[in-house]
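>>> return a 3D structure for these sequence lines:
(chains A and B)
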Amino acid sequence: MVKYYQPEIETASREQIRAWQDERLVKQVQHAWDNVPYYRKKMEEKGLTPADIQGTADLHKLPFLSKDDLREAYPYGLLGKPLSECVRIQSTSGTTGKRVVAFYTQHDIDLWEDCCARAITAVGGSQEDVCQVAYGYGLFTGGAGLHGGSHKVGCLTLPMSSGNTDRQLQFMTDLGTTILCCTPSYAAYLSESIHECGLRDQIKLKAGIFGAEAWSQKMREDIEKGLGIKAYDIYGLTEISGPGVAFECQAQNGMHINEDHFIAEIINPETGEVLPEGSKGELVFTCITKEAFPLIRYRTRDICILSSEPCPCGRTHIKMCKPMGRSDDMLIVKGVNVFPSQIETVLLEQGYPANYQIVVDRVNHSDTLEVMVEMTPENFSDSLAKITSMEKKLVDALRAMLGISAKVRLVAPKTIARSEGKAVRIIDKRKI
Amino acid sequence: MVYQISVFLENRAGQFAEITGILAQNGVDLRAISIAETADYGVLRMIVDHAEKATSILMQHGYLLTMTPVLVVAVPDAPGGVATVLETLAEGNIDIEYMYSLFTHLEGKAYIVFRVAEAEKFTELLAAHGITPSTNEELGIC
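Prediction:
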């Protein structure tokens, strides 16, 4: 069995990895300085020039980038290559409705797909496998990333996209899928459907790569038992490339960060100070090989811990734990980024008060999103048809903004608690 | 013109009882009630003897409500009573938004509350059939 996709990289010595990072960081900073005026300005504001960055030891001097920067620079402000050299965009929802658009050159796509290929190989994938990609295809990076990785490994790739469970199960049984890639909640749903349809004996699955949303150890055990497989985690974000920034190996104990492409730091989210290894803090990534979207010190807002303890799998790249929370108010619902500010924007546009509450729950391993909104004298009518049609408009506007459906619950005025300080906008009932 | 009070109701146990309780304590008499509901909320529609009084009391209690002009039509309390009026509406191609009836029966008559899209046209058609919508006085309300 092939154990590594790129063994010389994945098992390189720590010194070698550091040397790659030093060299590539210097090059990347020069690239950003030369081609991304937005970042050059940020460096100038700190009195920095590329000459101040001699290697990773100087990384902490560089300014951060955040989702706010992406919004401000939308769409082309952080582009590092002429559009004529870009071949793809992927996108995710951002704050206050502006989407985050990430650009890729063919080189960037190749590196991203390499990362996904490492993840598939790490779970035992090879050209003998049938890999069913049931992440959404399209702007979402999930489908595109694992699809490309599966090709690189040489698996027979089933580009299913998400949904249409009957068809998923038919291909899974007829074509003998061995590796399943999707969100953990969809994996749990597929598992239940397989049992309901009595197909448990007809599936040949051996492993699953499940990411894009938070899942617990208990959920992992349920999926593993239900499908008779090993379930592996994968991490990524569109801004940095997509899935495959980090991936789990067969040790199932943290995700190896592809350090030849991404430098990870943990910072104190309040002060920005870099914290020593093993500390809990906000994860920050610097892309050192990407051309089109060369983000430097991008704040992910994910709270996590890094560990460089030797891994039994033989990979030498540092590991990150499952994100333990967020340093902002972003929610991940059904694998989609949801900001309360997006919901607020829609409510105001539709003539509802900005006093609202978001209730997120998980029913049968699947996320639910409910927005509680107060009825107003302006929106109230003796006609139920008028109210329900307004409600439907709101539901549609929320779906257009968020990319997922939310249930709207209209409540009586002044029934949503007004707190003295920071309003309680989010009630997350999920036990993850 | 007869005014209906429409109140926003959340679907939770006891809310309706709370409203009728408040009205009872203040001596307001209910003449007609109808509820239109979805799974989560509803609209309570009422005709009461003192609309303004009921409105201000309910508002003081924080209820969201609106006053809506409706037509109340007296029909013979006998088979075919309602049918005549509905045929008139159909004849004029007038949409009914909703309708319900009063609790009270007076002198062999039943009273139906109508909310229609075109109230004026409806009134004219009724007049052509010799029917006049009931007044507040006739119903003993204000």
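>>> once you drop chain neighbours, what's closest to residue 139?
Chain wasn't specified; assuming chain A. A:S91 (4.1 Å; Cβ to Cβ, 6 or more residues apart in numbering or on different chains). Heads up, the C-betas are built off the backbone N, CA and C, glycines and all.
>>> the intended chain is chain B.
B:V72 (6.5 Å).
>>> without its sequence neighbours, what residue ends up closest to the residue of chain B found nearest chain A?
Across chain B, no residue is closer to chain A than B:S6, which sits at 3.6 Å (Cβ to the nearest Cβ). Leaving aside its chain neighbours, B:S6 sits nearest to A:D382 (3.6 Å; criterion: Cβ to Cβ, 6+ apart).
>>> tell me which element the one you found falls in.
Taking DSSP states H and E as the definition, A:D382 sits outside all helices and strands.
>>> with adjacent residues omitted, what lies nearest to A:M219?
Once flanking residues are discounted, A:M219 sits nearest to A:P184: 6.0 Å by Cβ to Cβ, 6+ apart.
>>> in contact with that neighbour, which residues are there?
A:F210, A:G211, A:E213, A:W215, A:M219, A:R220, A:I223, A:A231, A:H365 (Cβ atoms under 8 Å, 6 or more residues apart in numbering or on different chains).
>>> count the residues that sit near A:K280.
14 (other Cβ atoms under 10 Å in any protein chain shown).
>>> quick check: closest non-adjacent residue to it.
Once flanking residues are discounted, A:K280 sits nearest to A:I305: 5.2 Å by Cβ to Cβ, 6+ apart.
>>> same question for B:R31.
The nearest residue in space to B:R31 (Cβ to Cβ, 6+ apart) is B:I47, at 4.4 Å.
>>> surely that neighbour and B:F103 touch.
No - look at B:I47 against B:F103 with Cβ atoms under 8 Å: they stay out of range, at 9.2 Å.
>>> tell me which residues in the worst-scoring helix or strand of chain B on mean pLDDT are buried?
Every helix and strand in chain B was compared by mean pLDDT, DSSP states H and E; the lowest is helix B:136-139, with a mean of 87. Using 16 or more other Cβ atoms under 10 Å in any protein chain shown as the test for burial, helix B:136-139 gives B:L139.
>>> count the residues that sit near A:S193.
Neighbourhood size, A:S193 [other Cβ under 10 Å]: 14.
>>> let me fix that, I meant to ask about B:F114.
Counted with other Cβ under 10 Å, residues neighbouring B:F114 total 21.
>>> check A:L348 too.
When neighbours are counted by other Cβ under 10 Å, A:L348 comes out with 11.
>>> got it, and the one 4 residues further on?
Residues near A:Y352, counting by other Cβ under 10 Å, number 22.
>>> need phi/psi at the nearest residue to it once chain neighbours are set aside.
Leaving aside its chain neighbours, A:Y352 sits nearest to A:V373 (5.1 Å; criterion: Cβ to Cβ, 6+ apart). Main-chain torsions, A:V373, degrees, to the nearest 10: phi -130, psi 140.
>>> specify the beta-bridge partners of A:L65.
A:Y298 (DSSP bridges).
>>> distance of it relative to chain B?
42 Å (Cβ to the nearest Cβ, to the nearest Å).
>>> how's chain A carved up into domains?
Chain A breaks down into these domains under automatic domain parsing: A:7-326, A:332-428.
>>> next one: chain B
According to automatic domain parsing, chain B comprises the domains B:2-68, B:69-137.
>>> give me the distance from the least confident helix or strand in chain A by mean pLDDT to the chain's centre.
Scoring the helices and strands of chain A by mean pLDDT, DSSP H and E places strand A:325-326 at the bottom, with a mean of 82. Remark: strand A:325-326 is offset 13 Å from the chain centroid, using Cα atoms, centre = their mean, to the nearest Å.
>>> can you tell me the strand partners of it and which way each runs?
Counting by DSSP bridges, strand A:325-326 is paired with strand A:298-304 (antiparallel).
>>> chain center to the strand it pairs with: distance?
11 Å.
>>> how about stretch A:25-41?
Computed by Cα atoms, centre = their mean, the chain-centroid distance of stretch A:25-41 equals 25 Å.
>>> for stretch A:362-377, same thing?
Worked out by Cα atoms, centre = their mean, stretch A:362-377 lies 23 Å from the chain centre.
>>> list the buried ones in it?
Applying a neighbour-count criterion of 16+ other Cβ under 10 Å, one finds A:R362, A:H365, A:D367, A:T368, A:L369, A:E370, A:V371, A:M372, A:V373, A:E374, A:M375 buried in stretch A:362-377.
>>> one step back: just the ones in helices from the contacts of A:P184, please.
Per DSSP state H, helices hold the following members of the contacts of A:P184: A:M219, A:R220, A:I223.
>>> could you turn the buried ones of the residues you listed into a ChimeraX selection?
ChimeraX command restricting the ones in helices among the contacts of A:P184 to the buried ones, with burial defined by 16+ other Cβ under 10 Å:
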select /A:219,220,223
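>>> longest helix of chain A?
helix A:14-35.
>>> list the helices and strands the helix or strand following it packs on?
Toward the C-terminal end, the helix or strand that comes next after helix A:14-35 (DSSP H and E) is helix A:37-45. Under the contact criterion of 3 or more Cβ pairs under 8 Å, 6 or more residues apart in numbering or on different chains; DSSP states H and E, helix A:37-45 touches helix A:14-35.
>>> rerun that using 10 Å as the cut-off
Helix A:37-45 sits against helix A:14-35, helix A:67-72, with contacts defined as 3 or more Cβ pairs under 10 Å, 6 or more residues apart in numbering or on different chains; DSSP states H and E.
>>> phi, psi of the residue nearest to A:M219?
Per degrees, to the nearest 10, the backbone of A:P184 is at phi -60, psi -30.
>>> tell me the pLDDT at it?
Looking at A:P184, its pLDDT is 89.
>>> and it, how far from A:W112?
21 Å (Cβ to Cβ, to the nearest Å).
>>> so A:S405 is in contact with A:K392, correct?
No - using Cβ atoms under 10 Å as the test, A:S405 is too far from A:K392 to be in contact (11.7 Å).
>>> if anything else comes up later, I'll come back, but that's it for now.
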